[in-house]
Structure formats: structure tokens, C-alpha cells
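A.B. asks: Predicted model follows, preceded by the sequence.
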Amino acid sequence: MMNKQNEEILKNVKLKISISKFEEEEEKEMKINKVHIGKIGLVACCMIVSITGIVFAKDISIYLKNFFGANSSDGVDIAVNNGYMSELNTEYQKADGIDIKVESILMDDFNFDMNFNVKINEQYNIDNFEHIDFEDLKIVDENANIVFDTHAITQNTAEKHYRGSYSFLPNKISENEFRVSLSATGNPELFPKSKHLKVDLSKIRTWQYVNEERTDKVYEGNWHFEIDVPEEFYNRESIIYKAKSCNDNSININEIKATLSKTALKIYIPEMKTNKVNYNALHNYDGVSISNMIAIQKEYVETSDGKRFETARKK
């Protein structure tokens with residue numbers, strides 16, 4: 001059971017629970033652009049953030065949804081609306097008639113989000129940028145940790161790369177300006193507590209569909225940014241919960257893990273001896289829906305005072 005202090009955290013949150021299991025590294029289409037799915041464990045992911053979190057962005061009077069794109073989680077949205085994000089003031093870097101700067105960033109243990117502002121000159125039609133991929137985007141910190149890189153799933157697996165899911169989604173601002181939102185989550189390793197980031201990009205790919213045929217266009221340049229990470233990001237702390245009891249004797253209670261960050265509560269439950277989970281399907285994920293693979297239903301979290309947080313699956 002949680003103590004009163006932990007219960008107060010849960011009272012001031014919005015919770016989202018989803019069951020995820022992606023054994024194979026695959027590419028998936030989500031919304032209208034790429035989402036790459038990496039390898040993670042069988043996890044109950046509760047998107048959660050306390051309203052008592054640190055505030056260091058500008059005051060926000062209206063609730064902002066999808067500030068970092070439609071593929072970011074509810075937990076990220078709530079964090080943004082409670083000030084856990086940072087607006088940046090980088091200079092535009094110009095190449096091939098495309099000007100780019102980094103607008104804003106969010107970073108905790110489980111989520112990394114970044115907004116890019118893009119301006120194109122008169123030779124381009126903004127409608128041609130509806131589908132976009134920053135094909136070789138690479139972000140490293142002052143300790144040479146790879147915070148994010150785009151095509152990790154096709155690279156040498158002996159080297160360390162970002163192995164979670166991610167997406168790039170454009171949002172039109174005007175006839176020559178749009179925002180590209182990077183959402184990255186699900187990496188097997190926690191995002192590092194970086195103090196400085198180097199952001200490098202040299203290839204942008206766009207594509208269109210005409211009569212169901214895809215036509216690609218590649219733009220090349222040298223877009224480079226240096227970013228000082230706010231202290232609230234690199235001095236962040238997460239709360240670690242310990243399991244006290246379990247009604248299933250097949251589960252090793254010492255292997256149950258729960259971690260609360262600014263944007264998510266992630267609960268790891270080890271493989272159990274049960275016929276309620278189709279482990280063959282889980283270990284041979286072939287793109288079918290998660291609900292078809294997992295027979296466990298009505299997942300929820302309940303506090304000691306009876307407050308219950310129901311499951312919410314992403315549509």
C-alpha cells in the first residue's frame with residue numbers, strides 16, 4: 001500500500017494505462033508519418049504527472065493538447081500544461097532553401113520531445129512537406145551519450161543507438177512555415193540527464209502519394225544546433241516504488257518495478273505462469289493489435305482510499 005504522501009501525488013494526476021509489448025524492431029505508420037517501434041518489455045505504462053511539478057516555462061492559461069505533436073502521450077501534454085517544458089531561442093540554420101531552428105524541448109526518464117520551426121523559400125510548395133522524415137537526425141550530449149538517432153533499427157546492433165519508438169509530425173503555420181514535432185519514447189534505457197545537446201541533421205526526406213504511388217524528395221544540408229539543457233531536466237528525480245505483496249505466487253515480487261517520472265508511471269511485471277497471456281504471440285509480434293495478444297482485461301490502479309484509475313487505450 002502507498003503512504004499518504006504518494007497518494008497525494010495520485011490525487012493530482014491524470015492517468016493513462018496501456019499494455020505494450022514489442023519484441024521485434026519494426027516500422028509502423030501512425031497518423032500520417034513514421035513511427036518506429038523498438039524493443040521493450042511487457043509493461044503497464046501509466047501516463048501520469050503531478051500538478052505540483054516544477055514550473056519553469058511561461059504561464060499557460062489555456063490547456064494545450066499535442067504541443068509536441070499528436071503522437072505524444074497524455075502524460076507529456078499534462079507535463080507541458082504544468083510548465084515542464086522549455087522554450088529555446090536557437091538561431092535559424094539555412095541550407096537548400098530550408099531554414100530550421102529548435103523551438104522547444106521536453107526531457108525526462110521516459111520521454112524526449114522536441115519542436116523544430118521550419119521556413120521554406122518561395123521555390124517550394126508547403127503542401128509537398130505534408131509527410132516528412134528527418135532522416136539522419138542525431139542528438140548527443142556532453143558525455144557522448146546518444147539521446148536520439150533516427151535510423152537506429154537499420155544500424156549496427158553492436159553499437160549503442162536509440163532503440164525506442166519515435167515520430168516526426170509536421171503542422172502548417174503559414175504558406176512558408178511549419179513546425180515539425182519529434183516524439184520519442186519506449187527506449188529500453190532511460191534518457192540520460194544531459195546538460196548540453198548537440199543536434200545534427202543533414203538529410204530531410206519528404207514524400208507524396210499520387211495515384212497510390214509514392215514519390216520521394218530528399219533535401220540535403222548541414223543543420224547543426226547546440227543546446228544548453230535547463231537544470232530542471234538534468235536534475236530531475238524519479239520516484240521508485242517497491243511492491244509489498246502480490247496475489248499471484250508465480251510472480252517474483254522482487255522483480256516488479258514501478259517508476260514515476262514527470263510524464264509517466266511505468267510498471268514492469270515479470271513473466272508469470274498463467275494461461276491468460278499468449279506469450280507466443282507476444283514474442284512473435286507481427287503487427288496485430290495488442291488486445292488480440294493479451295487476454296488480461298480491465299487493468300486499473302487503485303489507491304488505498306479506493307480511488308481507481310481505469311485503463312485508457314490509445315485509439
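C.D. replies: Right, received. Where do you want to start?
A.B. asks: doesn't residue 169 make contact with residue 70?
C.D. replies: Yes. With contacts counted by CB atoms under 8 Å, residue 70 reaches residue 169, the gap being 6.0 Å. Every C-beta, even on glycine, is put in place using the N, C-alpha and C of the backbone.
A.B. asks: Compare neighbour counts for these two and give me the winner.
C.D. replies: Comparing residue 70 with residue 169 by neighbour count (other CB atoms under 10 Å), the higher total belongs to residue 169, at 23 against 15.
A.B. asks: what are the bridge partners for the more buried one, then?
C.D. replies: residue 181 (DSSP bridges).
A.B. asks: Any regions of the stretch 1-150 of the chain where pLDDT drops low?
C.D. replies: Within the stretch 1-150 of the chain, the segments meeting pLDDT under 70 span 1-63.
A.B. asks: For it, which segments count as strands?
C.D. replies: Under the criterion DSSP state E, counting those that start in this stretch, the stretch 1-150 of the chain contains strands at 16-20, 26-30, 33-37, 43-47, 86-87, 93-95, 98-107, 111-120, 132-134, 138-141, 146-149.
A.B. asks: and the nearest residue to residue 104 once chain neighbours are set aside, how far is that from residue 266?
C.D. replies: Spatially, and ignoring its direct neighbours in sequence, residue 104 is nearest to residue 115 (4.6 Å; CB to CB, 6 or more residues apart in numbering). Separation of residue 115 from residue 266 (CB to CB, to the nearest Å) stands at 24 Å.
A.B. asks: Please apply the same query to residue 86.
C.D. replies: The value you get for residue 86 to residue 266, if CB to CB is used, is 23 Å.
A.B. asks: do the same with residue 77
C.D. replies: From residue 77 to residue 266 the distance is 17 Å (CB to CB).
A.B. asks: Residue 121 too?
C.D. replies: Residue 121 is 44 Å from residue 266, by CB to CB.
A.B. asks: what's the answer for residue 78, then?
C.D. replies: In terms of CB to CB, residue 78 sits 15 Å off from residue 266.
A.B. asks: Residue 121 and residue 266: which is more packed in?
C.D. replies: residue 266 (23 against 11).
A.B. asks: For residue 185, see how far away residue 165 is.
C.D. replies: The separation that residue 165 has from residue 185, given CB to CB, amounts to 6 Å.
A.B. asks: And residue 219, by the same measure?
C.D. replies: The value you get for residue 219 to residue 185, if CB to CB is used, is 27 Å.
A.B. asks: which one of these two has more residues nearby?
C.D. replies: Neighbour totals were compared for residue 219 and residue 185, and residue 185 leads with 25 against 18 (other CB under 10 Å).
A.B. asks: Look up which residues are beta-bridged to that one.
C.D. replies: residue 111, residue 165.
A.B. asks: Could you check the pLDDT of it?
C.D. replies: With respect to pLDDT, residue 185 scores 91.
A.B. asks: In this structure it contacts residue 109, no?
C.D. replies: No. Here residue 185 lies out of contact with residue 109, judged by CB under 8 Å, at a distance of 10.4 Å.
A.B. asks: for the protein, what spans make up the helices?
C.D. replies: Using DSSP state H, the helices of the chain run over residues 4-11, 74-81, 231-234, 279-283, 290-293.
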